[in-house]
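Asks: I'll drop the sequence and a predicted model, then ask my questions.
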Amino acid sequence: LFYALNLCYTDFSANDTEKRWEDSKMDACIKELYRIGIVPVVAIEDANDALPLAEALKKGGVSAIEITFRTEAAAEAIRTLTREMPDMTVGAGTVVTKAQADAAIAAGAKFIVSPGFQPELVAYVREKGIAMCPGTATPGEMEQAMSLGLDAVKFFPAEQNGGPAMLKALSAPYQNLRFMPTGGVTLENLQRYFALKQVFACGGTWLAKKEDIRAHAFETVTARTRAAVRTMLNFKIKHVGINSKDDAEAKQNASLIASIFDLDCIETPVSFFSGTAVEVMKYQGKGSLGHVAIGTDNVDRAEYYLAKRGVRFDESTRKVDSLGRSTFLYLEGEIGGFAFHLVEN
């Protein structure tokens with residue numbers, strides 16, 4: 001418990017020495033997919049459906065789409081979206097030949113995804129300067145991908161190949177490799193995949209099914225997408241912080257709260273916790289009255305989605321883990337006298 005509580009406090013007097021994941025040399029498009037988190041995988045039979053489908057996804061909160069080369073309309077659908085929605089991260093999926101790769105790139109695809117691993121195709125796409133995320137399922141394929149300079153691959157088909165448990169086992173020896181599980185990913189198992197820190201995004205067909213697109217059931221697509229984003233971010237109130245003038249006042253108040261509600265009173269370097277829901281600071285911390293800690297499964301993604309809603313952040317408060325993923329970050333300003341910060345669940 002003491003270890004868990006210590007994850008919640010931050011010494012703002014020194015900058016973190018760890019390098020952020022987003023500052024790495026990883027392809028910029030892969031970093032963008034990491035921030036977005038969810039990549040809808042769709043098969044479009046009529047290119048005229050591409051724009052309303054993408055608008056439905058974006059309305060639900062997701063600004064990425066992988067259009068599979070399983071239909072004749074794929075290239076035209078990609079071309080339409082890259083022209084009409086330049087802020088949408090549009091990629092091509094089920095690319096298995098150089099001709100398909102050429103068609104996707106000519107249409108404006110920002111990333112290419114293949115179901116399997118073809119070293120020649122990987123090299124070809126990368127020579128074009130386009131992000132490539134090949135399908136892998138075995139350690140051998142993953143090592144081949146790494147030998148070609150890739151640090152992000154698709155894990156496919158994810159559920160049929162052992163799901164999160166298999167991916168967790170594979171992550172141990174390949175700690176510098178990032179994965180996008182696709183195949184059998186659903187709203188019900190989404191959190192299990194995102195619980196693995198090396199998962200940079202999840203691909204899924206459940207968000208926009210063929211029958212939804214044919215029926216123009218775009219409101220259904222928006223509702224599914226919004227539910228997926230909410231599940232992925234998994235916001236929850238972790239604790240409320242109360243400011244004090246000094247150690248003595250903090251200890252007195254924390255002990256009083258603990259005694260009233262029969263909670264443990266635990267001291268950390270900067271505060272006292274009454275149970276896990278109330279933190280009493282030993283000083284005048286952020287916020288006129290105190291702070292509220294909001295937990296999320298990924299601070300970087302939470303920052304991305306909140307920023308799209310106009311929220312601003314205090315960069316000086318950011319903390320990152322050994323992988324360079326943000327784990328702690330304050331929002332700018334106050335609400336009702338309280339500052340708010342994000343912390344990894």
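Replies: That came through, no problem. As the structure is a prediction and not an experimental result, all values here were calculated from the model.
Asks: I'd like the distance between Phe111 and Ala169.
Replies: For Phe111, the distance to Ala169 (C-beta to C-beta, to the nearest Å) stands at 27 Å. Heads up, the C-betas are built off the backbone N, CA and C, glycines and all.
Asks: Export only the CA atoms of stretch 287-302, formatted as PDB.
Replies: In PDB, the C-alpha atoms belonging to stretch 287-302 read as follows (Å, rounded to 0.1, in the frame of the first residue of the first chain):
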ATOM      1  CA  GLY A 287      -4.900  24.300  -6.000                       C
ATOM      2  CA  SER A 288      -6.200  26.900  -3.500                       C
ATOM      3  CA  LEU A 289      -7.900  24.200  -1.500                       C
ATOM      4  CA  GLY A 290      -6.100  21.000  -2.800                       C
ATOM      5  CA  HIS A 291      -6.300  18.700  -5.700                       C
ATOM      6  CA  VAL A 292      -8.200  15.800  -7.200                       C
ATOM      7  CA  ALA A 293      -6.300  12.800  -8.700                       C
ATOM      8  CA  ILE A 294      -8.000  11.300 -11.700                       C
ATOM      9  CA  GLY A 295      -6.900   7.800 -12.600                       C
ATOM     10  CA  THR A 296      -6.600   6.700 -16.200                       C
ATOM     11  CA  ASP A 297      -5.100   3.600 -17.900                       C
ATOM     12  CA  ASN A 298      -2.800   5.700 -20.100                       C
ATOM     13  CA  VAL A 299      -1.900   9.300 -19.200                       C
ATOM     14  CA  ASP A 300      -0.600  10.100 -22.700                       C
ATOM     15  CA  ARG A 301      -3.900   9.100 -24.300                       C
ATOM     16  CA  ALA A 302      -5.900  10.900 -21.700                       C
END
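Asks: and after the helix or strand of the chain with the lowest mean pLDDT, which helix or strand comes next?
Replies: Least confident helix or strand, the chain: helix 2-6 with a mean of 43, by mean pLDDT, DSSP states H and E. Per DSSP states H and E, helix 2-6 leads on to helix 28-36 as the next helix or strand towards the C-terminus.
Asks: And the contacts of that following helix?
Replies: 21-22, 24, 39, 62-64, 89, 91, 110-111, 131, 133, 152, 178, 180, 200-201, 300-301, 304 (C-beta atoms under 8 Å, 6 or more residues apart in numbering).
Asks: picking up where we left off before, more neighbours: which of Phe111 and Ala169?
Replies: Ranked by neighbour count (other C-beta atoms under 10 Å), Phe111 and Ala169 place Phe111 first, with 24 against 11.
Asks: Quick check: that one touching Pro134?
Replies: No - between Phe111 and Pro134 there is no contact under C-beta atoms under 8 Å: 11.2 Å.
Asks: how far away is the spatially most central residue of the chain from Ala201?
Replies: Nearest residue to the geometric centre of the chain (C-alpha atoms, centre = their mean): Gly37, 3.7 Å. Relative to Ala201, Gly37 is positioned 6 Å away (C-beta to C-beta).
Asks: Repeat that for Gly140.
Replies: Counting by C-beta to C-beta, the gap from Gly140 to Ala201 is 23 Å.
Asks: mind showing which ranges of this structure have poor pLDDT?
Replies: 1-19, 21-26 (pLDDT under 70).
Asks: can you pull out the helices in it?
Replies: Assigned by DSSP state H, the chain shows helices spanning 2-6, 28-36, 50-59, 74-84, 98-107, 119-127, 139-147, 163-171, 190-194, 210-214, 218-233, 247-260, 299-308.
Asks: relative to helix 218-233, how tilted is the last one?
Replies: Using axes from the mean of the first three to the mean of the last three C-alpha atoms, to 10 degrees, the direction of helix 299-308 lies 130 degrees away from that of helix 218-233.
Asks: For helix 299-308, list every residue counted as buried.
Replies: Val299, Asp300, Arg301, Ala302, Glu303, Tyr304, Tyr305, Leu306 (16 or more other C-beta atoms under 10 Å).
Asks: Tell me the one of those nearest Ala208?
Replies: The nearest member of the buried residues of helix 299-308 to Ala208, counting by C-beta to C-beta, is Tyr305 at 19.3 Å.
Asks: check contacts around that closest one.
Replies: Gly61, Val229, Leu233.
Asks: count of neighbours near the second one?
Replies: So the one you mean is Val229. Using other C-beta under 10 Å: Val229 sits among 17 other residues.
Asks: Look up how far Thr205 lies from Val278.
Replies: Taking C-beta to C-beta, one finds Val278 at 44 Å from Thr205.
Asks: That should have said Glu219, apologies.
Replies: 18 Å.
Asks: the more surrounded of the two?
Replies: Each of Glu219 and Thr205 has its neighbours counted (other C-beta under 10 Å); Thr205 has more, 19 against 12.
Asks: so that one sits right up against Val42, yeah?
Replies: Yes - using C-beta under 8 Å as the test, Thr205 is close enough to Val42 to be in contact (7.3 Å).
Asks: So Leu289 is in contact with Gly337, correct?
Replies: Yes - between Leu289 and Gly337 there is a contact at 4.0 Å, judged by C-beta under 8 Å.
Asks: If you count surrounding residues, which of the two has more?
Replies: Higher neighbour count among Leu289 and Gly337: Leu289, with 14 against 11, using other C-beta under 10 Å.
Asks: Next up, the contacts around that one.
Replies: Ile242, Asn243, Gly336, Gly337, Phe338 are the contacts of Leu289 under C-beta under 8 Å, 6+ apart.
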